[in-house]
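**Q** I would like the atomic coordinates for the input below:
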Amino acid sequence: MSIFRQQHLLPGPPADDGDVIDLRHHGRALLRFRYGILGIGLLFGIVAALLMFRSDDVYRSSATLMIESRQPTLPTIEDVYGLETQTREYYSTQFELLKGRNLAERVIRELGLMGKPEFALPADERSDLGEKLPAFLAEGGAEGGAEASSAQPPAAGEAAAAELDEQIRMGWALDEFSRRLTIAPVRNTDLVTIHFESVNPQLAALVANTLADEFIESYLEQRLDSTRRASNWMSQRLAGLKATLDESEAKLQDFLEKEGLVNIEGVAALNIQELDELTTQHNEARRTRAEAETIWNRTRQLQSRDPIALLRVPAILNHPAIDRITNTIDTLEQQGAELSQRYGRKHPRMLALASQRTEAGRALDTQLQQVLATIETDYRTAVENERVTRQRLEAAKTDFQDVNGKGYALQELQREVDTNRQLYDLFFTRVREMNETDSFQAANAIVVDPAVAALEPSKPRRSLVVFLATLGGLVFGAALALARDMLDNTVHTPADIESKLDSTTLGIVPFAAANRSQQKQGKLAYLGYLDDTQSSFSESFRTLRTGLMLSSISRPYKLIGVTSSVPNEGKTTVSVNLASVMGQMKRTLLIDADMRRPALARSLGLRPGAPGLSDYLEGNVELQQCIYPFQQGGIDVMPAGHASPNPLEFIGSNRFRELLGLLSERYDQVIIDTPPTQAVSDALMIGTLVDAMVYVVKADSTPVNVVRSGLARLRHANCNVIGIALNQVHPERETGYYSGGYYDTYGYTGKPDDSLPAPG
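**A** Okay, the predicted model is just below:
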């Protein structure tokens, strides 16, 4: 960043926020085109006002209906079967019926609206219809064949034409009627508002009320017709229901007599009780058989392998006889053990005990065989008992299923009789009710708020329309301004120089109206600094001079070239005024190096054909003869001299280099006005010989890509481009950027931070 920008003499570039929208830039664009935007908005407002004041007043009248969702006496099939009709779809249906074609046609015919000017077919449409109608009828007759056409009487053709005309007129009236009608349900209520618009307030109220009345009347007619048709159908259906009921009762009686049934419920209950008892007995038999089988299988296995182990079987061990014998054996063995201590084995008492022990063992074997036979007998008995109980249970189940089947058949017949009797009674009751209430029908809607003639028109709301049109024009103008700004590829502010050209702003030269007038008089350069040294134009060049000084504090630039991208950007004006402001502080020389289109001599009032740079480089004159004092500016001037066909050879010569070296010794500051960079290469050559180059850009004129190309050429040639002088700036167009007038234009705000620091 240059020292010049660091000192806040000029606004710096906006921060680079990537894709963030720069609202300040768009705001400045809107301010720049503010007069055009205001003009477009005013134009839109004027057009809207003219249209509004030529339009007729339209009055709106409103009638409010309360729609009943339930109709207790509604004699429909849905009511007969008890179905609910109060649904959201019901209300939507009623709203659509209010907007329907049938109801609108009833109102049009009732009020004769086709004869009203608002609903009548326009004259131009009627004339077109009159021209097309004969051809249409002729075409329709041709489709029926030549014989049918010739046989058709004239009266039939006239009737067809009248009918077609009636249809067209009715269609036009329906379109107008629908356009003026608005049905607005009131949220969360049973109310609906009918709005109708007309240029006649009385007609608007009349139509709204008539539409409400016709809606109710149409509903009553439909309900009455539906009631009559339902009554006829139900009367016919009642006879069929009576025959069906008689037939079902006869079937029930025949079934009872055939099966001999009196109380099927009692029989079924006994069967259920018996089935429960047999099921319990069978389960008990199965359990007994399982236990007996287990004991029997166990004893058989032990008998074949270890007979002694049979005594450990609980069923044998717990048998009373076995228990008694085992106790006797135990007693004998105990006595034998006691006597063996006193007597020998052959003692009579010992022999008697042994004999008793043997007899007890035989008795145990005998009794054991009997117990085993008893166990087998119990097992066989349990198996037989299980078989018998299972057979009885299966027989009971069969009987129960037979009873159930008869019960189901009886219930079905009874259910058919009950259903037919209920349906017959219901139809009979409804037929009696409809016969009693045939002449009375309840309306589905009530007019709770009739329409009245409006005192004030509802539209057009002229002030609002004009306001919205003006606002729309302003928005449209703003959009055009932003689009133009987006498509604008020129430089407007120093921020554009920083962001679009990546360069430094040395100064801003405001546009002067006198500049254009002098150009028209043939003076190509504007000497604004000499005309008024206290003007903003003059101050801009003092700021430019400060920028040049601050950019070269350590090594002041002596040779400074001034160039631009294309002609007519004001580089000569910048050169002359910059040299003049430099001349107040230093001995300054201004050189016109544009030898193809010299402008400096004519701008400063030098005599035509005065010797200059080209003459000196050709060696025709001495250096002193080419330099002229310009007393008004306090500087010396070297014009371009006579026009040269190939000045690039002069600029690239050693003589030109020597000349610059000589002049840099004689003068403190040398300002060289060079040709544009895009036209010729003279500026590139001069830029390599001078200390610095000042690039002049005309605001709101030169495309950015052209300026970039010129800067790139200079930098590619290693020229020291120290910054850009933005010329012919219109501060009033950039109000958002140059707000504050004179001081803000040059970056001075009056704060201590804006003062320049001492060099060093």
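**Q** for the stretch 251-400 of the chain, which residues score under the pLDDT cut-off?
**A** Per-residue confidence for the stretch 251-400 of the chain (pLDDT under 70) gives these ranges: 255-257, 259-271, 300-313, 315-319, 321-323, 364, 399-400.
**Q** and the strands in it?
**A** Per DSSP state E, counting those that start in this stretch, the stretch 251-400 of the chain has no strands. Nothing in it meets that criterion.
**Q** quick one: the helices in it, in order.
**A** In the stretch 251-400 of the chain, the segments counted as helices under DSSP state H, counting those that start in this stretch are 264-305, 314-317, 320-339, 348-436.
**Q** for Glu333, give me its contacts.
**A** For Glu333, the contacting residues are Arg357, taking C-beta atoms under 8 Å, 6 or more residues apart in numbering as the criterion. Glycine gets a C-beta too; all of them are placed from N, C-alpha and C.
**Q** gap between it and Arg362?
**A** The spacing between Glu333 and Arg362, counted by C-beta to C-beta, to the nearest Å, is 16 Å.
**Q** can you check Lys500 too?
**A** Lys500 sits at a distance of 137 Å from Arg362 (criterion: C-beta to C-beta).
**Q** so which of these two has more stuff around it?
**A** Regarding Lys500 and Arg362, a neighbour count based on other C-beta atoms under 10 Å identifies Lys500 as having more, with 17 against 10.
**Q** ok, and the closest non-adjacent residue to the more buried one?
**A** Once its chain neighbours are removed from consideration, Lys500 has its nearest residue in Val704; the separation is 5.0 Å (C-beta to C-beta, 6 or more residues apart in numbering).
**Q** need the next SSE after the helix or strand of the chain with the lowest mean pLDDT, C-terminal direction.
**A** Taking mean pLDDT, DSSP states H and E as the measure, helix 3-6 is the helix or strand of the chain with the lowest mean score, a mean of 37. Helices and strands here follow DSSP states H and E; after helix 3-6, the next one along the chain is helix 23-32.
**Q** and that following helix, what does it pack onto?
**A** In this structure, helix 23-32 makes packing contacts with helix 462-487, judged by 3 or more C-beta pairs under 8 Å, 6 or more residues apart in numbering; DSSP states H and E.
**Q** other SSEs contacting the helix it packs on?
**A** Contacts defined by 3+ C-beta pairs under 8 Å, 6+ apart place helix 462-487 against helix 23-32, helix 34-54.
**Q** nearest to Ala512 among those helices would be which one?
**A** Ranking these by proximity to Ala512 (C-beta to C-beta) places helix 23-32 first, at 19.1 Å.
**Q** helix 462-487 and that closest one, what's the angle between them?
**A** An angle of 110 degrees separates the directions of helix 23-32 and helix 462-487 when computed by axes from the mean of the first three to the mean of the last three C-alpha atoms, to 10 degrees.
**Q** in helix 23-32, what's buried?
**A** Residues His25, His26, Arg28, Ala29, Leu30, Leu31, Arg32 are the ones in helix 23-32 that count as buried (16 or more other C-beta atoms under 10 Å).
**Q** and if you look at stretch 476-486?
**A** Gly477, Ala478, Ala481, Asp485.
**Q** what residues are up against the residue nearest to Lys500?
**A** Counting by C-beta under 8 Å, 6+ apart, Val704 makes contact with Asn489, Thr490, Val491, Asp496, Lys500, Leu501.
**Q** you'd agree the third one is up against Arg708?
**A** By that I understand Val491. No: in this structure Val491 lies outside contact range of Arg708 using C-beta atoms under 8 Å: 10.6 Å.
**Q** more neighbours: which of these two?
**A** Taking Val491 and Arg708 together and counting by other C-beta under 10 Å, Val491 has the greater number of neighbours (25 against 15).
**Q** so the residue lying closest to the more buried one once chain neighbours are set aside is in which element?
**A** Residue nearest to Val491 in three dimensions, not counting chain neighbours: Val697, with 5.4 Å by C-beta to C-beta, 6+ apart. Per DSSP H and E, Val697 falls inside strand 692-698.
**Q** same check on Leu174?
**A** Once you assign secondary structure using DSSP H and E, Leu174 falls within helix 154-180.
**Q** after that helix, which helix or strand is next?
**A** Secondary structure here is assigned by DSSP H and E; on that basis, the next helix or strand after helix 154-180 toward the C-terminus is strand 181-185.
**Q** intersection of neighbour lists for Val491 and Arg708?
**A** By C-beta under 8 Å, 6+ apart, Val491 and Arg708 have these common neighbours: Leu501.
**Q** tally of neighbours for Arg555?
**A** Burial of Arg555 is recorded as 7 neighbouring residues (other C-beta under 10 Å).
**Q** list the contacts for the spatially closest residue to Ser552 that is not a sequence neighbour?
**A** In space, not counting the residues next to it along the chain, Ser552 is nearest to Ala692; the distance is 7.0 Å by C-beta to C-beta, 6+ apart. Counting by C-beta under 8 Å, 6+ apart, Ala692 touches Leu548, Ser551, Ser552, Tyr557, Leu559, Ile560, Gly561, Asn720, Val721, Ile722.
**Q** which of the helices and strands packed on helix 462-487 has the lowest mean pLDDT?
**A** Across the helices and strands packed on helix 462-487, helix 23-32 has the smallest mean pLDDT, namely a mean of 75.
**Q** return that helix as PDB; C-alpha atoms alone will do.
**A** Listed in PDB are the C-alpha atoms of helix 23-32, where the atom choice follows Å, rounded to 0.1, in the frame of the first residue of the first chain:
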ATOM      1  CA  LEU A  23     -24.200  -3.100  -0.700                       C
ATOM      2  CA  ARG A  24     -22.300   0.200  -0.600                       C
ATOM      3  CA  HIS A  25     -21.400  -0.200  -4.300                       C
ATOM      4  CA  HIS A  26     -25.000  -0.900  -5.200                       C
ATOM      5  CA  GLY A  27     -26.100   2.100  -3.200                       C
ATOM      6  CA  ARG A  28     -23.700   4.300  -5.100                       C
ATOM      7  CA  ALA A  29     -24.900   2.900  -8.300                       C
ATOM      8  CA  LEU A  30     -28.500   3.700  -7.300                       C
ATOM      9  CA  LEU A  31     -27.500   7.200  -6.300                       C
ATOM     10  CA  ARG A  32     -25.700   7.700  -9.600                       C
END
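**Q** tilt between that helix and helix 34-54?
**A** Inter-element angle recorded for helix 23-32 and helix 34-54: 60 degrees (by the same axes, to 10 degrees).
**Q** run the chain-centre distance for helix 23-32.
**A** 30 Å (C-alpha atoms, centre = their mean, to the nearest Å).
**Q** just stretch 346-358 next, same as before
**A** 119 Å.
**Q** and what of stretch 493-504?
**A** Centre-to-centre, stretch 493-504 and its host chain are 40 Å apart (C-alpha atoms, centre = their mean).
**Q** ditto for stretch 160-168
**A** In terms of C-alpha atoms, centre = their mean, the centre of stretch 160-168 is found 48 Å from the chain centre.
**Q** ditto for stretch 412-426
**A** Using C-alpha atoms, centre = their mean, the offset of stretch 412-426 from its chain centre is 58 Å.
**Q** same check, this time on stretch 676-684
**A** 56 Å.
**Q** now what about it, what contacts it?
**A** Outside stretch 676-684, the residues that reach it (C-beta under 8 Å, 6+ apart) are 561, 563-567, 569, 571, 593-596, 647-648, 651, 674-675, 693, 706, 709-710, 713-714, 717, 719.
**Q** good, we can wrap up now.
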